[in-house]
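Asks: got a structure for you, letters missing:
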């Protein structure tokens, strides 16, 4: 008798729980909730894990999707734009390295500074090529690893590295997003919209914790202990910049000698790869698109990056002044993004790089 009562209670409880879950599932679906809509934005198709440990992930060759409010076509060689074989001849060739700014998030390929630079160069150098190896979310070490793995084969006449202020930290979750999308795609459990919602809430917390943990100095130093180049002798300018660095984001990252040691490692590694081909390097520093009553708040971070770039033997093009003269607000995308310049911002960059190249060629 007792056993029958326990069984009946268990069956009633199970039936009630299933009913509640069914009602919740229907309610979530009726609400139009798409827990994975932000995840399935094209990124899960554009990117894949890389066999190169330093690159971490890479573009997927041959993919054509709508992503970041723009049509994105990745050619058969794994980058955005017309494919160019390394063995093909060109009178002048530029390799563009960088993150989502160089890649051209939210822009058509013709609006990117690499494309616009090629158009400008071809007016004076018929057949000039600019190859855009930008990958969203990459930091400087990843960009250098990509150049070593693929860019060096093109034997460029100039290497342009577009530097965004978040490149000094671990700011991209792209690999995590790729892995999550794959998990959601292959597991029968996530056919349930309710289970998607529950897992999504858990994952959002985990990613926030992941970001904090990855950028905590103890973890950062442990993970990247083999990707750092500390100074042998004291650098008074660097010390003064550390002490004066603003505490607001993203400048606060530049008060850390450990992060700068990794940036120095990346620049040194790029310098060696460029020197092997006798190729000059131009670092283009992109400002955060903010203006505080005519004052740019992250100037010291730019000064530090330029200092390290020149230490590595690179030339530097800081876009802060041209952007400020144009007006930071006029260079923002319609969504108010303070990181990614619009097509006008990319045109200004292309014009400045073109002027730099013409000046160098006049001296040769």
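Replies: Now that the structure is in, tell me what you want to look at. As the structure is a prediction and not an experimental result, all values here were calculated from the model.

Asks: Can you give me the neighbour number for the residue nearest to residue 85 when sequence neighbours are not counted?
Replies: Distances taken as CB to CB, 6 or more residues apart in numbering put residue 77 closest to residue 85, at 7.8 Å, once the chain neighbours are dropped. Placement of C-beta: from N, CA and C, glycine included. A count of nearby residues for residue 77, using other CB atoms under 10 Å, gives 17.

Asks: How about residue 292?
Replies: Using other CB under 10 Å as the criterion, residue 292 is surrounded by 8 other residues.

Asks: Is it bridged to anything, and to what?
Replies: Under DSSP bridges, the beta-bridge partners of residue 292 are residue 295.

Asks: how close does it get to residue 164?
Replies: From residue 292 over to residue 164 the distance is 19 Å, taken as CB to CB, to the nearest Å.

Asks: What's the per-residue pLDDT of the residue most central in space within the chain here?
Replies: By CA atoms, centre = their mean, the chain has its centre lying nearest to residue 137, at 2.2 Å. For residue 137, the pLDDT comes out at 88.

Asks: Tell me the spacing between the closest residue to residue 255 other than its chain neighbours and residue 239.
Replies: Closest residue to residue 255 apart from its sequence neighbours, by CB to CB, 6+ apart: residue 245 at 4.1 Å. Applying CB to CB, one obtains 11 Å for the distance of residue 245 from residue 239.

Asks: pLDDT weak spots in the stretch 201-350 of the chain?
Replies: Counting by pLDDT under 70, the stretch 201-350 of the chain contains low-confidence ranges at 201-217, 219.

Asks: Break down it into its strands, ranges please.
Replies: Along the stretch 201-350 of the chain, the stretches classed as strands by DSSP state E, counting those that start in this stretch are 281-286, 315-318.

Asks: Could you say which of these is packed most deeply?
Replies: Scoring the strands of the stretch 201-350 of the chain by mean neighbour count under mean count of other CB atoms under 10 Å gives strand 281-286 as the most buried, with a mean of 23.

Asks: From the contact counts, what lies against it?
Replies: Other helices and strands packing on strand 281-286, by 3 or more CB pairs under 8 Å, 6 or more residues apart in numbering; DSSP states H and E, are strand 158-164, helix 257-275, helix 299-311, strand 315-318, helix 343-363.

Asks: The last one: which residues count as buried?
Replies: Within helix 343-363, the residues that count as buried by 16 or more other CB atoms under 10 Å are 343, 345-350, 352-354, 356-357.

Asks: Now that we have those, can you turn them into a markdown table and tack on distance to residue 133?
Replies: Putting the buried residues of helix 343-363 into a markdown table (distance: CB to CB, whole Å) gives the following:
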| residue | distance to residue 133 |
| --- | --- |
| 343 | 20 |
| 345 | 20 |
| 346 | 16 |
| 347 | 20 |
| 348 | 21 |
| 349 | 16 |
| 350 | 16 |
| 352 | 20 |
| 353 | 15 |
| 354 | 19 |
| 356 | 19 |
| 357 | 18 |
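
Asks: surely the residue nearest to residue 255 meets residue 254?
Replies: Yes. Because the distance of 5.2 Å satisfies CB atoms under 8 Å, residue 245 is recorded as touching residue 254.

Asks: Common neighbours of those two, please.
Replies: When contacts are counted by CB atoms under 8 Å, 6 or more residues apart in numbering, residue 245 and residue 254 have 300-301, 304 as shared neighbours.

Asks: and which of those residues is nearest residue 153?
Replies: Using CB to CB, the shortest approach to residue 153 within these belongs to residue 304, at 32.1 Å.

Asks: residue contacts, that closest one?
Replies: Contacts were defined as CB under 8 Å, 6+ apart; by that measure residue 304 touches 238, 241, 245, 254, 260.

Asks: Kindly recompute the last result at 10 Å.
Replies: Listed by CB atoms under 10 Å, 6 or more residues apart in numbering, the contact set of residue 304 reads 168, 237-238, 241-242, 245, 251, 254-255, 260, 263.
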